[in-house]
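>>> let's see this in three dimensions:
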Amino acid sequence: MAIKKDWYQIFAPPIFGKRVIAETLCSESEHILGRTVHISLAELTNNISKFYMIMHFKIVQLDGHNAFTEFVGHNIMTDQIYRMVSKGKSRIDNVEGIVTKDGKKIRIKILTILYKKSKTSVKSAVRKTISNKLQELIKNKTVGDIVKMIVSGDLQKSLKESVKKIYPVRTIEIRKSEIISGKNKASNA
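Okay, here's the model as predicted:
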């Protein structure tokens, strides 16, 4: 005996316009809750220059055959990181945990590439500057605000401006972000 399955439309969070990003088959609606959907930012925003950013959304609410998601993180394709990091350059990684204005804890991993090999003291100063500037920029922001800043590149530009006073910076990229804890609501980011 065949099990009857129904189609469910999966919608992006409000920050991305609540548009349909995927469809899935499921026999029971309870099985769809908690699933994670991965989609390229280029597909989501029709901006081909952001092809390397993969957004992650979790299904948190159902309304009939409509599934609503919330943002749970993003990452950059490994190939893109390989392209950025090359011989003769210094790579600096930061991992920052921040509590947002809406009570969620978000972990942000930042990749900084300097034009030349540099001393450990320079790397430490850059890492500390990035940490301080990030805390300053994000302390009163919601997850939605932070996602907008990452997607638009404004966060990366602000960090780069603060670091280039110390040492010439080739690029700064938010390599990964993930929501670690907090309330689950479909209305958030």
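>>> what are the boundaries of the strands in this structure?
With DSSP state E as the criterion, the chain has strands at 6-11, 20-26, 36-40, 53-63, 66-76, 90-99, 105-114, 169-181.
>>> would you mind finding the most buried of the ones you listed?
The highest mean neighbour count among the strands of the chain, using mean count of other C-beta atoms under 10 Å, belongs to strand 66-76: a mean of 21. For glycine as for every other residue, the C-beta is placed from the backbone atoms N, C-alpha and C.
>>> and it, how far from the chain's centre?
Centroid separation for strand 66-76 versus its chain: 9 Å, with C-alpha atoms, centre = their mean, to the nearest Å.
>>> can you check what angle separates it from strand 53-63?
For strand 66-76 against strand 53-63, the angle by axes from the mean of the first three to the mean of the last three C-alpha atoms, to 10 degrees is 160 degrees.
>>> what's strand 66-76 packed up against?
Strand 66-76 is packed against strand 6-11, strand 53-63, helix 143-152, strand 169-181, with contacts defined by 3 or more C-beta pairs under 8 Å, 6 or more residues apart in numbering; DSSP states H and E.
>>> what about this protein, any weak spots by pLDDT?
Applying pLDDT under 70 to the chain flags residues 1, 182-189.
>>> report the longest helix in it, please.
Longest helix in the chain by number of residues, with DSSP state H as the criterion: helix 120-138.
>>> need the contact partners of it.
Contact with helix 120-138 is made by 90, 92, 94, 96, 98, 100, 108, 110, 112, 114, 146, 149, 155, 158-159, 162-163, 165-167, 169, 172, as judged by C-beta atoms under 8 Å, 6 or more residues apart in numbering.
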